[in-house]
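Asks: Pasting a predicted model and its sequence here:
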Amino acid sequence: MIRPEAKVLFMSAYNVETVEAYRVELAPGEPFLKKPFTMDELQRAVTAALVYRPPATWRRGRPQR
């Protein structure tokens with residue numbers, strides 16, 4: 001990972017379950033915004049992304065066991 005400290009907000013027209021079915025693994029509680037969304041939902045999601053910290057045992061792409 002080039003910049004592990006980068007803040008990320010995942011956004012999709014699909015729901016979380018469908019996104020994960022395509023093998024995109026989100027960390028527990030990771031901010032996710034489903035389209036369409038309101039401006040209030042966008043604000044909440046961006047705020048959540050800015051303060052979110054993944055679990056210490058999480059690595060992008062595959063959870064450590």
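Replies: Everything's here; your move.

Asks: Contact partners for residue 19?
Replies: 10, 12, 26, 32 (C-beta atoms under 8 Å, 6 or more residues apart in numbering). Every residue, glycine included, has its C-beta placed from N, CA and C.

Asks: Mind checking what helix or strand follows the helix-or-strand element of the chain with minimal mean pLDDT in sequence?
Replies: The helix or strand of the chain with the poorest confidence is helix 16-21; it has a mean of 86 (mean pLDDT, DSSP states H and E). Later in the chain than helix 16-21, the nearest helix or strand by DSSP states H and E is strand 32-34.

Asks: Given that next one, what are its sheet partners and their directions?
Replies: Applying DSSP bridges, strand 32-34 is found paired with strand 10-12 (parallel).

Asks: In stretch 6-21, which residues are buried?
Replies: Buried positions in stretch 6-21, judged by neighbour count with 16 or more other C-beta atoms under 10 Å: 9, 19.

Asks: Ignore what I typed, I meant stretch 50-62.
Replies: In stretch 50-62, the ones that count as buried by 16+ other C-beta under 10 Å are 54, 58.

Asks: where does the chain have low pLDDT?
Replies: 1, 60-65 (pLDDT under 70).

Asks: What residues does residue 34 make contact with?
Replies: 11-16.

Asks: that older thread, for the contacts of residue 19, which two are the farthest from each other?
Replies: Greatest spacing in the contacts of residue 19, by C-beta to C-beta: 12 and 26 (10.5 Å).

Asks: What is the longest helix belonging to the chain packed up against?
Replies: Longest helix of the chain, by residue count under DSSP state H: helix 39-51. Using 3 or more C-beta pairs under 8 Å, 6 or more residues apart in numbering; DSSP states H and E as the contact test, the elements touching helix 39-51 are strand 32-34.

Asks: So what's the gap between the strand it packs on and the chain middle?
Replies: The chain centre lies 8 Å from the centre of strand 32-34; the measure is C-alpha atoms, centre = their mean, to the nearest Å.
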